[in-house]
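Asks: build me a model from this:
(2 chains)
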2 protein chains.
Amino acid sequence: MFELHPHCVPLAFLLGTWKGSGSGVYPTIEPFSYNEEVVFGHVGKPFVSYVQKTQHAVTGLPLHAEAAYLRPVGDRRLEMVLAQPSGIVEIARGTVEGTSLRFVSIVHTTPTAKECTAVERNVDVDGDVMRYELRMAAVGQPLQLHLRAELRRRP
Amino acid sequence: MFELHPHCVPLAFLLGTWKGSGSGVYPTIEPFSYNEEVVFGHVGKPFVSYVQKTQHAVTGLPLHAEAAYLRPVGDRRLEMVLAQPSGIVEIARGTVEGTSLRFVSIVHTTPTAKECTAVERNVDVDGDVMRYELRMAAVGQPLQLHLRAELRRRP
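Replies: Take a look at the predicted model:
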């Protein structure tokens, strides 16, 4: 519908709808598995939108969601603003190298949210396969692996 | 599809898709008019999702977008986390009284975003009509009216 903004061309490999599954671990919770849908879109402006939803792999019930905008700021550098319904917002700085993204976030939380102090996201795309890992420092725990997933782009 | 979470019942009046038009003013820009679509949704969890897109009233080109989650935290109090592609995130505290929402935000911005230090949002719903005003302190200007719009709920 809209031509991709020139600033977003390095992120063209993200565009589309992705579905797959992942697993979560953290010292304070039981390990869990989830199904996930991710949509990266654009409207011809110098940002890429991102929305994500997960469901519990067994019960099918909604688990998590988040929404963000990726802002290419030149020379393979990115900014990202992200909101999570758990009461978290992230101001992330990142890079795009080929089809790999790396983000490190400053985290701010609402008064009633659980403590979360840092999030790091690595996203790697190989054709129509997306793999990501999310590392998190929260509820008094040091930064460590929380989520790992593999998604496939829908035709 | 999902039953509304009991915490979200005071926000049920928001649910649905809303379309309408608004106008924007600010000392640093020319006044402008826009068309807008807003969707409030839920998945049975204790938050309400919000996505918004506007288009220029004359050219039809995309103008703004934002995405947020509203978190009822008891006793008519709300939290909201919101992201804007202009590089802004908001941590908002608010209230719901009847079908009126009031939010005051703490604003955080990415390194390349324009300065924005405060946002206040008033939303009033009368049946299938939603009116809102947004006041903003940005680019060195004091807090003042920036946006005013009227939307109607789609059947």
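
Asks: now for the most centrally placed residue in chain A: which residues touch it?
Replies: Centrality entry for chain A: nearest residue to the mean C-alpha point is A:Arg121, 6.7 Å, by C-alpha atoms, centre = their mean. For A:Arg121, the contact set (C-beta atoms under 8 Å, 6 or more residues apart in numbering or on different chains) comprises A:Ala92, A:Gly94, A:Leu101, A:Arg102, A:Phe103, A:Ser105, A:Tyr132, A:Glu133, A:Leu134, A:Arg135. In short, each C-beta sits where N, CA and C put it, glycine included.

Asks: let's see it at 7 Å
Replies: Residues near A:Arg121 by C-beta atoms under 7 Å, 6 or more residues apart in numbering or on different chains: A:Phe103, A:Tyr132, A:Leu134.

Asks: cool, A:Arg154 as well?
Replies: By C-beta under 7 Å, 6+ apart, the contact set of A:Arg154 is A:Gly16, A:Thr17, A:Trp18, A:Lys19.

Asks: for chain A, which residues are neighbours of chain B?
Replies: A:43-45, A:47, A:49, A:62, A:65, A:67-69, A:71, A:73, A:79, A:81-85, A:87-89, A:91, A:108, A:110-112 (C-beta under 7 Å from any C-beta of the partner chain).

Asks: so of the residues you listed, which ones are in strands?
Replies: Under the assignment DSSP state E, the residues of chain A next to chain B contribute A:49, A:62, A:65, A:67-69, A:71, A:73, A:79, A:81-84, A:88-89, A:91, A:108 to strands.

Asks: give me the buried positions along stretch A:83-103.
Replies: Neighbour-count burial for stretch A:83-103, counted by 16 or more other C-beta atoms under 10 Å in any protein chain shown, picks out A:83-94, A:96, A:99, A:101-103.

Asks: that older thread, which of the contacts of A:Arg121 fall within helices?
Replies: Among the contacts of A:Arg121, none falls in helices (DSSP state H).

Asks: got the angle between the helix or strand that contains A:Asp124 and strand A:62-74?
Replies: Counting by DSSP states H and E, the element that carries A:Asp124 is strand A:116-126. Per axes from the mean of the first three to the mean of the last three C-alpha atoms, to 10 degrees, the angle that strand A:116-126 makes with strand A:62-74 is 80 degrees.

Asks: in strand A:116-126, which residues are buried?
Replies: Buried residues in strand A:116-126, counted by 16+ other C-beta under 10 Å: A:Cys116, A:Thr117, A:Val119, A:Glu120, A:Arg121, A:Val123, A:Asp124, A:Val125.

Asks: let me know the closest of these to chain B.
Replies: Of all the buried residues of strand A:116-126, chain B sits closest to A:Cys116, with 11.8 Å by C-beta to the nearest C-beta.

Asks: and the contacts of stretch A:135-148?
Replies: Counting by C-beta under 7 Å, 6+ apart, A:22-28, A:114-120, A:133-134 sit against stretch A:135-148.

Asks: quick one on the thing from earlier: got the contacts of A:Arg154 as CSV, with secondary structure and pLDDT columns?
Replies: Listed next are these as CSV, based on DSSP: H, G, I helix; E, B strand; the rest coil; pLDDT from 0 to 100:
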residue, secondary structure, pLDDT
A:Gly16, strand, 98
A:Thr17, strand, 98
A:Trp18, strand, 98
A:Lys19, strand, 98
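
Asks: looking at the residues you listed, which is nearest chain B?
Replies: Among the contacts of A:Arg154, and counting by C-beta to the nearest C-beta, the member closest to chain B is A:Thr17, at 15.8 Å.

Asks: look up the closest residue to that closest one, ignoring the ones flanking it.
Replies: Using C-beta to C-beta, 6 or more residues apart in numbering or on different chains and skipping residues adjacent in sequence, the residue nearest A:Thr17 is A:Arg154, 4.5 Å away.
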